Structures are given as structure tokens and as C-alpha cells.
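In: here are the coordinates; sequence isn't available:
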């Protein structure tokens, strides 16, 4: 992940498309694209390092892009931010210029809501330039879930981070299966312990 984010930081195309900070936030949080693009500064507490997901960007027939004020799971959620994400947000807050008629952190170049599908297309251009054709914007979400799982944190923590109502969703879709778990053998040795001694 570090090497990927370093490459993203060095990509002129990524800078040109204003994706660098957004990609870092995806890697730091596991947010859905539509949630990321709906973030407003009022959703961020940089001092306490907390981000509140309070909506998402969606295209509605006859209305175009709109910011919906609830999340997919039926309510807002708060996510703790790692320091590298806080640093990026501080820099962005102090340095971003340009139009922003909708008050979101990651507006389109015209200052309107950014289309999640367009964001996906722009990311595909960048990842192809970087020689990483298999890394979708959703890959960051899966990586966050995998890191939570590999660290031994609970499925409930993973579900809370990703905005799933049920930990089983997180386990079934995002957490790795089919791994060898040596700790199971240790538990069985202790519990059964039938050595030929």
C-alpha cells in the first residue's frame, strides 16, 4: 500500500485529476467513492481525528447528482482517522483553491458535486498509467478490511469501519477466507493434547 500511495503522490496525471488526496482518504478509511465525494469540512474533526460519514453522492433521474444525507446502512457513522490522513486533510484545507459551490471536500473541477462514476474512470486512467490495472477504487476498501482482519480486530470493528449493519457482510465479502490458521492447531493441542509420550 505504501508503494502504491507513493506512486500516486508522484503521478502528474493523478495531480492533474485532483485524485491524490482522495485516494489517500480511500486508503485511510475504506469509504465508498460516493461517501468520500459527499464529505464536507463539517464532517471532519481534525483535532480529534474523526470523520463522520453523513451522506453520499448519487445520480437521481431528472435531478442529476445530489448529495443524500444518509448513508447506505441507514445512518451516519464515525471513523477514526490515521495521522497520515489528518495531515493530507490539513494540507488540503489550507491549500485548495477554486470553485466549490456545494461545500464538499472533493468537488469536481467546476466546483460541483463530483460524479462517483467519473471519479472511477479518472482513477482507472491513473492506475493504468501506474501499471496497476487490477487496483480499483474499491480495492482500497477491501485492503482496509483485510488489514483489520489481519490485525486480529473483530468483524464488528470491520463492519463499523466500512458501514455495514451486519458483521457477516464484512466477513463474507471483504475478509479473506481459506487461510491456514496455526492458532487453531495450538488451541486443539491444548484442549485435546493426546501426545504419545
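Out: Right, received. Where do you want to start? Note that the coordinates shown come from a computational prediction; the quantities given were computed from them, not determined experimentally.
In: contacts, neighbours, all on C-alpha from now
Out: Noted.
In: Nearest residue to the residue nearest the centre of the chain in space, please, no chain neighbours.
Out: Here the mean C-alpha position of the chain is nearest to the C-alpha of residue 30 (Cα atoms, centre = their mean), at a distance of 2.3 Å. In space, and not counting its chain neighbours, residue 30 is closest to residue 141: 3.9 Å by Cα to Cα, 6 or more residues apart in numbering.
In: need the next SSE after the worst-scoring helix or strand of the chain on mean pLDDT, C-terminal direction.
Out: Ranked by mean pLDDT, DSSP states H and E, the helix or strand of the chain with the weakest confidence is helix 167-173, at a mean of 64. Read in the C-terminal direction, the helix or strand following helix 167-173 is helix 182-192, with elements assigned using DSSP states H and E.
In: Doesn't the residue nearest to residue 30 lie inside a helix?
Out: Yes - Residue 141 sits within a helix when classified using DSSP: H, G, I helix; E, B strand; the rest coil.
In: was I right about the residue nearest to the centre of the chain contacting residue 146?
Out: No - at 10.5 Å, residue 30 does not count as touching residue 146 under the criterion of Cα atoms under 8 Å.
In: Identify the residues contacting the host helix or strand of residue 91?
Out: When secondary structure is defined using DSSP H and E, the element that contains residue 91 is helix 83-95. Contacts of helix 83-95 with the rest of the structure, by Cα atoms under 8 Å, 6 or more residues apart in numbering, involve 21, 24-25, 28, 46, 49.
In: Give me the distance from it to the chain's centre.
Out: Taking the mean of its C-alpha atoms, helix 83-95 sits 16 Å from the chain's own mean (Cα atoms, centre = their mean, to the nearest Å).
In: hmm, back to that, roughly how far does the residue nearest to the centre of the chain sit from residue 160?
Out: Here the distance between residue 30 and residue 160 works out to 11 Å (Cα to Cα, to the nearest Å).
In: Check residue 92 too.
Out: The span separating residue 92 from residue 160 equals 26 Å under the rule Cα to Cα.
In: Please say which of the two ends up with more neighbours.
Out: Neighbours were tallied for residue 92 and for residue 160 using other Cα atoms under 10 Å; the higher tally belongs to residue 160 (17 against 14).
In: Can you give me the buried ones in stretch 103-118?
Out: Neighbour counts using 16 or more other Cα atoms under 10 Å place 103-108, 112-116 of stretch 103-118 among the buried residues.
In: End to end on it, go ahead and measure it.
Out: End-to-end distance for stretch 103-118: 19 Å, by Cα to Cα.
In: Start at 314, not 1
Out: Fine by me, first position is 314 from now on; the one you just mentioned is stretch 416-431.
In: Just give me how far it sits from the chain centre.
Out: Taking the mean C-alpha point of stretch 416-431 and that of its whole chain, the gap between them comes to 17 Å (Cα atoms, centre = their mean).
In: Name the surrounding residues that touch it.
Out: Under Cα under 8 Å, 6+ apart, the answer for stretch 416-431 is 335, 346-347, 349-354, 370-372, 378-380, 411-415.
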